[in-house]
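**Q** how would this look folded up:
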Amino acid sequence: MAPESHVCQAIRFAPSILAADFSRLGEEVRAAEAAGADCIHVDVMDGHFVPSLSMGPGVVQAVRRSCGLPVETHLMVEHADRFIEAFAKAGSARLIVHVEGDHHLDRTLREIRALGCSPGVCLNPATPIWQIEEVLQLVDFVLVMTVNPGFGGQKYLESTEGKIRALRRLLDQRESKVEVEVDGGIDATSAPRVVAAGADMLVAGTAVFGHPEGVAAGLRRLRESVAGLGAYGRA
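**A** Reported below is the predicted structural model:
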């Protein structure tokens, strides 16, 4: 059985600015803040680890100037250790690195903590959980990709739900306080599914910044879809 503290934990939301209108980025993140977002998710892509190229430390600085929410920076890059200091100095509160793109993951996660940031490790859909078991004691959260990284607006992969459940079981067996975050294709249909599987925090881009009725409506719809749910879909 999951620890009571986890069962009662409220689901948190991290809107991804990958889907935001960059011509009015400040307005977009302020709208997310006003709507009750818990942090702002910034996707950094290098054109090597993933095909796309996006965002540098200056974007993190711009978000930090525009709102009071913490910024989590998702480094979809090769050799993430080369970038963590720049993004920490830019104002990232949470730094996420991929197990697949870092040759010295233990050292990188320790350096993230030493820089004053909360460290997270990310798993691609095809990457098994065992690859991060040796570093779970070094992280505050694990980000499970529910699409293949590199592009916004992708369809949620139902096959990843088994991984979320397995990770939640592993953490509960260890009585760990490490959080489970999910990213990819999250909307009002998939959100309750990943929460039922054991997710604590949801990253959503298109469902928030691309909602036809605006950011507040998008975030409200997501929150309504998981209303009353805690870990494993229980109240």
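
**Q** flag the helix or strand of this protein with the lowest per-element mean pLDDT.
**A** Lowest mean confidence among the helices and strands of the chain (mean pLDDT, DSSP states H and E): helix 4-7, at a mean of 39.

**Q** could you give the number of residues near the residue lying closest to S66 once chain neighbours are set aside?
**A** Sequence neighbours aside, G26 is the residue nearest to S66 in space, at 3.9 Å (criterion: Cβ to Cβ, 6 or more residues apart in numbering). All C-beta atoms are positioned from the backbone trio N, CA, C, and that covers glycine. Using other Cβ atoms under 10 Å, G26 has 12 other residues around it.

**Q** right, and the helix or strand after the least confident helix or strand of the chain?
**A** Following helix 4-7 in sequence order, the next helix or strand is strand 12-15 (DSSP states H and E).

**Q** tell me the buried residues in that next one?
**A** 13-15 (16 or more other Cβ atoms under 10 Å).

**Q** that strand packs against which elements?
**A** strand 40-46, strand 201-204, helix 206-209, helix 215-225 (3 or more Cβ pairs under 8 Å, 6 or more residues apart in numbering; DSSP states H and E).

**Q** now do the contacts for the residue nearest to S66.
**A** Counting by Cβ atoms under 8 Å, 6 or more residues apart in numbering, G26 makes contact with 62, 65-67.

**Q** mind listing the strands for the protein?
**A** 12-15, 40-46, 53-54, 71-76, 94-98, 118-123, 141-145, 179-183, 201-204 (DSSP state E).

**Q** could you dump the ones you listed to a markdown table with distance to V226?
**A** Listed next are those as a markdown table, based on distance: least, Cβ to Cβ, whole Å:
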| stretch | distance to V226 |
| --- | --- |
| strand 12-15 | 9 |
| strand 40-46 | 17 |
| strand 53-54 | 28 |
| strand 71-76 | 19 |
| strand 94-98 | 21 |
| strand 118-123 | 21 |
| strand 141-145 | 16 |
| strand 179-183 | 12 |
| strand 201-204 | 8 |
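
**Q** tell me which of these lies nearest to G210.
**A** Comparing the strands of the chain against G210 with Cβ to Cβ, the closest turns out to be strand 201-204 (9.5 Å).

**Q** strand partners of the closest one, parallel vs antiparallel please.
**A** Using DSSP bridges, strand 201-204 pairs in its sheet with strand 12-15 (parallel), strand 179-183 (parallel).

**Q** looking at the helices and strands packed on strand 12-15, which is buried most?
**A** Most buried of those, by mean neighbour count (mean count of other Cβ atoms under 10 Å): strand 201-204, with a mean of 27.

**Q** and H104, backbone torsions?
**A** As for H104, its main-chain torsions (degrees, to the nearest 10) stand at phi -130, psi 70.
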